[in-house]
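J.: Turn this into a structure:
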Amino acid sequence: MKLLKYITLFAATALMAVSCKNDVEIAEISTPDQFVAPVIGKCSNVVVNADNSKVESVIYTWKPANFGLPVQILYSVYLKSGEVTTLMGTSFSTSFTISKGDLNGVVINGLGMPANTTAKVQAYVTAQMNGTENYDPISSELSESFNITTYEAALRWYHLCGEFSGWAIDTAPIFWETSGGSNQYSCMVDFTRAEGNEGFTHSFFKVTAEQNWAADNWGYNHLTPSWDYPEQGDSNLSVPLDEGNIFQITVNTSVMTIDKKNIGNALGVIGSFNDWAGDLALKYDAVESAWLSEPIDFAANAEFKIRVDGSWNTAWGTERVESSKVKGGVEISTSGSKNMLVSEAGVYIVKLHANRTPFVVELIKQ
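T.: Numbers count the residues shown, from 1 in each chain. The predicted structure follows:
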């Protein structure tokens, strides 16, 4: 009887297990055509100025998306003007807060709007299930148009410190914002390692807020590079030396990204002083954050250009616009067609300031 009791109990338990299994509802994600997109709220006009840029913020809100399951959702918030769209930032909630100073930079840098103007824009938000790329983001409708008035902020700066400068943080070279309030910083650097490149594949560096390690310093744990990089325990960024040793680096603090542009291996000056035959090398000074020539004996009204790797494929000229940032300097650009002019005869050092936008050439009389 006891055996029969146990058999009966086992059968009842098994039946209950099957019954419970069949009664459980398995949650499933909706099909993409059933996804519910977020709905962005009303956006008000914004005026940014020197008084409010650091102390006031703007908040964008929206109704949540729905994918059929209680999944974590990554929202991305965008501004649009005409055909140009730029990312403001991301959020895991149904709101996004941005300082007016950073918003000023997004409009100037991301949308290409000049400072001290009023831009008519629209906003929208996209939603994506976090942790998977199996489904495309779903987007809200565009908001009604609203205005953002920008202003020209004072230029800010950061520093670079790395193997190219022997990690000397107290003299880490400076590089400037491309325009006031743009949140974009750019410079051209010779990343040749202090001990030389032989046997090394990369040159490592970081972006620093000050010339000391106690202040903010950013590697790939804070900045997202647009290129592949070898990871290090201390999150150092790096450039690949097989592409060259001179790179233009651009940091965008609105979206915390960093980009590189390979320039080449050497810069030089060529001109009437040497009958346009061969280049006189420009040497990078990490402390000065500039490129300098040896003294050159120029005749009156002499002309010259700066070239990369001794080739006319990359030769920088000027439209002969005086720099407002470097006294006595002349703005140069990669598209400048005119030769740079030395109006007064004498011995000069050619100094290239490539840590600002646009680059500037200064003639230092000896």
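J.: got the contact list for residue 296?
T.: By C-beta atoms under 8 Å, 6 or more residues apart in numbering, the residues touching residue 296 are 269, 273, 280, 347, 348, 349, 350. (Each C-beta comes from the backbone N, C-alpha and C, glycine too.)
J.: what's the answer for residue 278, then?
T.: Counted by C-beta under 8 Å, 6+ apart, residue 278 has contacts 270, 310.
J.: Also the one 5 residues further on?
T.: With contacts defined as C-beta under 8 Å, 6+ apart, residue 283 is in contact with 291, 292, 293.
J.: and what of residue 343?
T.: 300, 301.
J.: again, but for residue 256
T.: 218, 222, 223, 224.
J.: Quick check on these: which are buried?
T.: Buried members of the contacts of residue 256, counted by 16 or more other C-beta atoms under 10 Å: 218, 223.
J.: any chance of the contacts of residue 256 in TSV, plus secondary structure and distance to residue 193?
T.: Below are the contacts of residue 256 laid out as TSV (DSSP: H, G, I helix; E, B strand; the rest coil; distance: C-beta to C-beta, whole Å):
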residue	secondary structure	distance to residue 193
218	strand	20
222	coil	23
223	coil	21
224	strand	24
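J.: got JSON lines for the contacts of residue 256, with distance to residue 320 and pLDDT too?
T.: Formatted as JSON lines, the contacts of residue 256 follow (distance: C-beta to C-beta, whole Å; pLDDT from 0 to 100):
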{"residue": "218", "distance to residue 320": "37", "pLDDT": "97"}
{"residue": "222", "distance to residue 320": "40", "pLDDT": "95"}
{"residue": "223", "distance to residue 320": "36", "pLDDT": "96"}
{"residue": "224", "distance to residue 320": "39", "pLDDT": "95"}
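J.: now, which of the contacts of residue 256 sits nearest residue 70?
T.: Taking C-beta to C-beta as the measure, residue 70 lies nearest residue 224 of the contacts of residue 256, at 28.4 Å.
J.: So for stretch 264-284, first residue to last residue, what's the gap.
T.: 13 Å (C-alpha to C-alpha, to the nearest Å).
J.: Please disregard the earlier target; I meant stretch 214-224.
T.: So stretch 214-224: terminal residues 22 Å apart, C-alpha to C-alpha.
J.: nearest residue to the residue nearest the centre of the chain other than its sequence neighbours?
T.: Geometric centre of the chain, nearest residue: residue 252, 2.8 Å, by C-alpha atoms, centre = their mean. Nearest residue to residue 252, sequence neighbours excluded (C-beta to C-beta, 6 or more residues apart in numbering): residue 184, at 5.1 Å.
J.: what sits against that neighbour?
T.: Shown in contact with residue 184 (C-beta under 8 Å, 6+ apart): 105, 109, 177, 178, 250, 251, 252, 253, 254.
J.: What score does it have for pLDDT?
T.: With respect to pLDDT, residue 184 scores 91.
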